[in-house]
Every structure is written in structure tokens, then in C-alpha cells.
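Engineer: 3D, please:
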Amino acid sequence: MARWRGFAESPIRMAVAILVILMGLATTASWGLPGPVDAGQTASPALAITSPGSSPLAETSYWQYLPLVAVLLSDDPTVTPTPSPTPEWTIGNVVCNSIGAVQVCAWVSNPTPTRNQDLTVYGRLLDDGTPRPGLPLHTVWHYKSTTPTCDATTGPDGEGSCTRNIGAATTGYDVHVDVTISYNGQTYTVTTFFTPS
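Structural biologist: Numbers count the residues shown, from 1 in each chain. The predicted model follows:
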């Protein structure tokens with residue numbers, strides 16, 4: 001019942017199915033179910049289509065339309081979805097702070113990197129929603145025993161990034177990264193983090 005209900009709720013599929021059937025009927029001059037086959041005879045096709053005043057259409061049978069009708073009657077014709085590409089990194093740990101019209105955000109390329117893997121920290125500054133390029137960006141990485149730094153400059157989209165290899169960082173220890181962007185004589189800081197796995 002669900003199949004027929006779904007078919008009835010799709011006027012376009014119903015119309016196309018009916019049209020296919022009517023096209024077959026319109027070109028049929030005579031319908032003949034196969035009768036008994038006498039000795040020496042060859043069985044004829046189940047149902048041949050002939051146009052008025054012409055010979056039977058070569059290799060054509062009304063039944064060849066049935067697969068199309070069956071697809072139209074199906075509840076949901078099979079459609080193979082195109083898989084989305086798998087990103088190389090998982091962007092995570094996005095943190096944003098707003099001071100007046102200025103918003104500064106920071107995030108990492110991979111929230112759970114493995115040891116000795118490269119990791120990128122991003123920072124972005126918007127003023128009233130407008131990206132601000134050419135701003136100095138300074139990052140401080142707070143490992144368990146060291147605090148290395150990395151510097152960059154924001155681009156046309158207001159984003160800047162620093163990439164470092166995390167080396168033999170302590171597994172399971174949250175490494176906080178301070179991202180500071182200088183703008184109009186002030187500094188705006190936001191902190192993101194990652195956890196080596």
C-alpha cells in the first residue's frame with residue numbers, strides 16, 4: 001500500500017507511467033496472446049506491436065516497456081548519491097571573543113593530532129563584520145614543559161595561520177594556544193587548544 005500511496009502522491013511519475021502505457025496501446029493494431037505451438041512451429045513473441053498498415057516493428061514487444069513502468073511505480077527509484085570528499089583535517093575548537101564591533105576567533109586544524117604531526121593554528125579578526133588584512137598575529141603554544149611561539153599576518157579574509165610540528169607532545173594533555181592580533185593600537189587575544197593523541 002505504501003508503494004501505491006507514494007506513487008499516487010507523485011503526479012509527474014503517474015502521468016509518465018500512463019503516457020508510456022498509452023503509447024504502447026496507440027501503436028498496437030492487434031494483441032495476440034501466444035496460442036498452442038504445433039509441431040514444427042516456432043513460438044511467437046508474447047505480444048507484438050504493429051502499426052496500422054505496416055509490418056510488425058522489428059524486435060519490439062509491448063512488454064519491453066514494463067521495466068520503465070515498474071521503475072515509475074516504485075516508491076523511491078534508486079539514485080546513487082555522490083559521496084562528499086573526506087577532508088584531510090577536521091577543523092575544531094573554534095573560540096571567539098567580541099569587544100565592541102571587533103570579533104577575534106581562533107581554531108586549530110586538528111583538535112586531536114598524533115605526536116610528531118604538523119598542526120596549524122588560525123586566527124581571524126573582523127571589524128563590524130569586515131575582514132582586516134595585514135595585521136600582525138602572534139601565537140603562544142602552552143605545552144606541558146615548553147611555550148614556543150609562532151607569528152604570521154592576516155590575509156584578505158582577515159585570517160592568519162601558523163603551522164608547527166607538535167613533536168613528542170604529551171599524549172592527553174590539552175595544549176592551549178593564545179592567538180593575539182594587533183589592530184588600531186590594541187591587542188585582541190583568544191585561546192584555542194588541541195589534545196595530542
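
Engineer: and the strand or helix carrying residue 94, what does it pack against?
Structural biologist: Here residue 94 sits within strand 92-99, counting by DSSP states H and E. Where contact means 3 or more C-beta pairs under 8 Å, 6 or more residues apart in numbering; DSSP states H and E, strand 92-99 is packed against strand 102-108, strand 186-194. C-beta: built from backbone N, CA, C; applies to glycine.

Engineer: how is the protein partitioned into domains?
Structural biologist: The chain breaks down into these domains under automatic domain parsing: 2-34+44-73, 92-194.

Engineer: considering the ones you listed, which stretch scores lowest in mean pLDDT?
Structural biologist: Least confident of the domains of the chain, judged by mean pLDDT, is domain 2-34+44-73 with a mean of 51.

Engineer: the residue nearest to residue 164 when sequence neighbours are not counted: which element?
Structural biologist: Sequence neighbours aside, residue 150 is the residue nearest to residue 164 in space, at 5.7 Å (criterion: C-beta to C-beta, 6 or more residues apart in numbering). Under the criterion of DSSP H and E, residue 150 resides in strand 149-153.

Engineer: now residue 139
Structural biologist: strand 136-142.

Engineer: what comes into contact with that strand?
Structural biologist: The list of residues contacting strand 136-142 from outside it, by C-beta atoms under 8 Å, 6 or more residues apart in numbering, reads 121, 123, 147-154, 160, 162, 164, 175-182.

Engineer: weed out the non-buried ones from those.
Structural biologist: 121, 123, 150, 152, 154, 160, 162, 175, 177-181 (16 or more other C-beta atoms under 10 Å).

Engineer: farthest pair within the residues you listed?
Structural biologist: The most widely separated members of those, counting by C-beta to C-beta, are 154 and 175 (22.7 Å).

Engineer: ok so, going back, what about the residue nearest to residue 164, distance to residue 172?
Structural biologist: 23 Å (C-beta to C-beta, to the nearest Å).

Engineer: over to residue 153?
Structural biologist: Applying C-beta to C-beta, the value for residue 153 to residue 172 is 33 Å.

Engineer: before we move on, the earlier item: which of the buried ones among the contacts of strand 136-142 fall in strands?
Structural biologist: Here DSSP state E is the test, and the buried ones among the contacts of strand 136-142 give 121, 123, 150, 152, 160, 162, 175, 177-181 as lying in strands.

Engineer: for those, which one is nearest residue 110?
Structural biologist: Of all these, residue 110 sits closest to residue 121, with 10.4 Å by C-beta to C-beta.

Engineer: many thanks, we can stop here.
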